[in-house]
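**Student:** Need coordinates for the below:
(2 chains)
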Amino acid sequence: MNVDNRSPLKQRILRSDGARFMAPLIVAIIAISLYTNGENGNFLGGDNLKNILLQVSVLGIIATGQTLLIAAGQLDLSVATLAALAGVIGATRINDGGSELWAVVLVLLICALFGLLWGILVAGLKIPPFILTLGGTSLFASIALRISKSSPVPARERFEWLGRAKVFGVQTPIWYFLIVVVIAAFVMRYTRFGRHVYATGSNEEASYLTGIPTARTKVLCFVISSTLAGFAGLVAMARISTGDPRNGSQLALQAIAAVVLGGGTLAGGRGSPIGTFIGVVLLAVVQSALTFNNVQTFWNDAVFGLVLIFAVVVTAIGDLRRRRFGARPILASFIRRNEPVQVPSEK
Amino acid sequence: MTVNVLELREISKSFPGVQALSNVSLIVRPGTVHAICGENGAGKSTLIKIATGAQSADSGVIQICGDRIDHASRRTVQNLGVRAIFQERQIAPDLSVTENVLLDRLPKRFGRVDWKNAKIQAKQRMNALEIILDIDTPVRNLSVAQLQMMEIARAVSLDARLIVMDEPTASLSRHELEPLFRVINKLRDGGVSVLFISHHLDEVFAIADEITVMRDGVVISHGEISEFTPASIAELMFGRTVSSSQADRMSQGDLSKPRLVINKVCSDRLNDVSLSVSAGEIVSVTGGIGAGVSELARMAAGGMLKSSGEILVYDDSRESHAISSRRQALNLGVAYLPADRKRKGLLLERTLSDNIVLGQQAAGSNPILTPRKVSESARAIAPSANIKAANVDVVVGTLSGGNQQKVMIGRWMGVNARIMIFDEPTAGIDIASKFEIYSELRRLADSGVAILICSTDFQEVGQVSDRVIVMRSGNIVGEVEGSKATEGRLLEMEMSK
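**Tutor:** You can find the predicted model right below:
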């Protein structure tokens, strides 16, 4: 057998799933940034980095919630229209003369209840979450249009503190995004609930028979994800001071894409908030780089699609090789033919 | 001279770190049943995957009916009349028996499926083998044994010359063997050869004409079945004599301390079942498939609803608690080790350490866990459960069946389970590892764990238990002391009445 001479810490980092998925993304982010900066020196200059993060903070909050669901083997397509609905309800409450804080609490409560409903239907009646939340997507979109009478609802300047204030010179949405990611990363790694999420996603039946409360775990994931989607919707509304019922219709798919980029698989059991964070940043950097390099906007979606396809193909090849030939770097597996076969000397 | 149906010469195949096969040769003559025997890991499965074109060999020659095959694929091999029935069922569960039997060649008329003709053909095929199945039922409703018959009917078409069966008896109960053997005899009479993989020697002697014994990727011996005895084959398979004497009985359990009491439990599969297991005692419940032993195991662990009756767990202070859910049972120290470890027990693609600590993660109440402590406890448990693995970071799916079961045991040692319920404790585990599991069971019992084993393997329950309870179609039909539970006695109890 091979003896691994690398230090234990180095081995652990190299062997961890996180590093396998994240390293290529970080390399891609740096490469794209340096290239674009070479073309246009403003790319890495001061405000643009903050702008990039600001652009994706709403997506990032939603994607973090989606990470929990995907790790538990679930999925929620309805988060995008739920976020839009949250924005519309928040803005409408203000116009009807309520306090901002009350509006925020009410919206989060409503979203949590929808999450609870999805969770109970999925865990209790074993309805496939894809179909269920596809239905929810249309439902929320329709309700948002009804409440807003099909036009954006102005929230005046009442939500400025939520979406446009700065703390230490950084806009609040970026803070929200970072805080949500840090808390989620802690929860997934260091809490019983987090481990239950991964176990449920890896093998639900085995987890249930071990005694893990799989149904409760799934319900909680839906509640957390929907609440985060509601919060993201409020932040988006506060940023533009308008509750737009048609806002962000692509957020759900982009969020799922970010989770998958960061190492999540729709089969469940994998995915991490930090990975998702890096996935979101990659999407943002790509988008921004396209603008800086004056690529026409109709290519945006194509590039987004290609990045995603490329990422899953590379992951799939890696998994396939790993299953067949054991863990080793992807490139080494392609040149396996020349290696001598090791016969175990004893058994 | 007749042409051999299948001829493999000097086949070698290696995977990284493992020489799976080296210079293996095998000849299957027409109209014979040829058995391949060997322990798990002996290379049987790899060999038949190569013979059926599912995998390619590194070197060697494959000849089918005298034709040399250079690039064997599933398709080319099938076209030459070699059909395989693997352990994993290959079926479309919602389609009818007719459609499944004729899956790839439904008769067509004017470009549309000719249903009338299809049914006639399916019927003919099954009649030829004396298989009785309703051709209109969706195969979802068939039993495991019936599915296998359906697959055999599919495999046998006019041009079939060799049927490869990979562990065909693995999921069958004793009563279901006979129809399978009848069909195999029928095939042989019709001039079709059968290549039969098994590690049950009694079955091999019941059906095979020739035998090839493998060990560690090489052919140890082959010849006519009459040249061997079961004992000589066992010795060849393991390279040493295997003692099948009873595992040492240190204790008989402390009968004054019942741990688990099942009281008049009924469900759609169980009828008025009562039994109790004491600390330090190993009680087995046995019976054929359909007796309900597997349901009983799951229900006793709280993983299935019962329609009436109660399941009581006694804690250290002799207080009783009725079990109503799996999670509650866990918190009362009830472990459950399902028969289908891969699908219902393990997180296959996760590490050894993740799988061991799952019990602790499920049981406790402290919301915060420290990953370092978790992996330390896994490292501490792994050796005490006698798990053989390079380290605790190996992926559990790569371990052998015996080690996987020890991982399951380790998981429950980590939470100090006081009651352990095993469903088929050695399903899919080779004979040598079986004995290790048996002594593991005895060690657990000696440490005061109450053990309930639900198993359809008469030989096993006779060897390992203090008491054996026999069930038939959901009812308890008898009980016998472990030392008197011979296979014959158990069979007699199960058949009587």
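**Student:** Excluding chain neighbours, what is closest to A:M237?
**Tutor:** A:G87 (3.3 Å; C-beta to C-beta, 6 or more residues apart in numbering or on different chains). Where C-beta positions appear, they are placed from N, C-alpha and C, glycine not excepted.
**Student:** and the helix or strand hosting that neighbour, how far out from the chain's middle?
**Tutor:** Assigned by DSSP states H and E, A:G87 falls within helix A:79-95. How far helix A:79-95 lies from its chain's middle: 20 Å, per C-alpha atoms, centre = their mean, to the nearest Å.
**Student:** which residues touch the residue nearest to A:M237?
**Tutor:** A:233-234, A:236-237, A:242-244, A:247 (C-beta atoms under 8 Å, 6 or more residues apart in numbering or on different chains).
**Student:** buried residues in the helix holding A:G87?
**Tutor:** A:79-94 (16 or more other C-beta atoms under 10 Å in any protein chain shown).
**Student:** and if you look at stretch B:89-103?
**Tutor:** Buried-residue list, stretch B:89-103, by 16+ other C-beta under 10 Å: B:91, B:96-102.
**Student:** try stretch B:60-71
**Tutor:** B:60, B:62-64, B:69.
**Student:** Redo the residues you listed as a markdown table? Include pLDDT, secondary structure and distance to B:S433.
**Tutor:** Shown next, in a markdown table, are the buried residues of stretch B:60-71 (pLDDT from 0 to 100; DSSP: H, G, I helix; E, B strand; the rest coil; distance: C-beta to C-beta, whole Å):
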| residue | pLDDT | secondary structure | distance to B:S433 |
| --- | --- | --- | --- |
| B:G60 | 87 | strand | 30 |
| B:I62 | 87 | strand | 32 |
| B:Q63 | 86 | strand | 36 |
| B:I64 | 86 | strand | 35 |
| B:I69 | 80 | strand | 36 |
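**Student:** Tell me the residue of the stretch 151-300 of chain A that sits nearest chain B?
**Tutor:** Closest contact between the stretch 151-300 of chain A and chain B, by C-beta to the nearest C-beta, is at A:G211 (2.9 Å).
**Student:** Give me the below-cutoff pLDDT ranges for the stretch 201-347 of chain A.
**Tutor:** Scanning the stretch 201-347 of chain A with the threshold set as pLDDT under 70 gives A:321-347.
**Student:** at 90 instead, please
**Tutor:** A:238-254, A:261-270, A:286-347 (pLDDT under 90).
**Student:** Please enumerate the helices of it.
**Tutor:** A:204-210, A:214-240, A:251-261, A:273-292, A:299-325, A:330-334 (DSSP state H, counting those that start in this stretch).
**Student:** Out of the ones you listed, which is closest to B:E494?
**Tutor:** Closest of the helices of the stretch 201-347 of chain A to B:E494 is helix A:204-210, at 27.7 Å (criterion: C-beta to C-beta).
**Student:** what residues does the closest one touch?
**Tutor:** Residues contacting helix A:204-210 (C-beta under 8 Å, 6+ apart): A:73, A:196, A:199-200, A:214, A:268, B:298, B:301, B:303, B:326, B:330, B:336, B:338, B:343-347, B:358-359, B:362, B:411.
**Student:** How far does it sit from its chain's centre?
**Tutor:** So, by C-alpha atoms, centre = their mean, the centroid of helix A:204-210 is 26 Å from its chain's centroid.
**Student:** Please, a PyMOL command that selects the buried ones among the contacts of helix A:204-210?
**Tutor:** In PyMOL, this line selects whichever of the contacts of helix A:204-210 come out buried by 16+ other C-beta under 10 Å:
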select buried, (chain A and resi 73+196+199+200+214+268) or (chain B and resi 298+301+303+326+330+336+338+344+345+346+347+358+359+362+411)
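**Student:** Just the contacts of helix A:204-210: which are in strands?
**Tutor:** Of the positions in the contacts of helix A:204-210, B:Y336 sit in strands, assigned by DSSP state E.
**Student:** Which of the contacts of helix A:204-210 fall in helices?
**Tutor:** A:196, A:199-200, A:214, B:298, B:326, B:330, B:358-359, B:362, B:411 (DSSP state H).
**Student:** The residues you listed: which two are farthest apart?
**Tutor:** Going by C-beta to C-beta, the pair spanning those furthest: A:H196 and B:R298, at 21.0 Å.
**Student:** returning to that earlier point: which of the contacts of A:G87 has the most neighbours?
**Tutor:** A:G233 (35 neighbours; other C-beta atoms under 10 Å in any protein chain shown).
**Student:** And that residue, how close does it get to A:G98?
**Tutor:** 17 Å (C-beta to C-beta, to the nearest Å).
**Student:** what sits against the residue most central in space within chain A?
**Tutor:** The centroid of chain A falls nearest to A:A63 when counting by C-alpha atoms, centre = their mean (2.2 Å). For A:A63, the contact set (C-beta under 8 Å, 6+ apart) comprises A:254-256, A:258-259, A:276, A:279-280.
**Student:** Same check on B:S73?
**Tutor:** B:G53.
**Student:** From chain A, how far out is B:G345?
**Tutor:** Applying C-beta to the nearest C-beta, to the nearest Å, the value for B:G345 to chain A is 5 Å.
**Student:** That residue is in contact with B:L358, isn't it?
**Tutor:** No. Under the criterion of C-beta atoms under 8 Å, B:G345 is not in contact with B:L358, lying 9.6 Å apart.
**Student:** so what are the domain limits for chain B?
**Tutor:** The record's domain parsing of chain B by automatic domain parsing lists B:6-238, B:258-495.
**Student:** need those domains in a markdown table with distance to A:T315, can you?
**Tutor:** Below are the domains of chain B laid out as a markdown table (distance: least, C-beta to C-beta, whole Å):
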| stretch | distance to A:T315 |
| --- | --- |
| domain B:6-238 | 21 |
| domain B:258-495 | 13 |
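**Student:** quick one, which of those domains is packed in tightest?
**Tutor:** domain B:258-495 (a mean of 20; mean count of other C-beta atoms under 10 Å in any protein chain shown).
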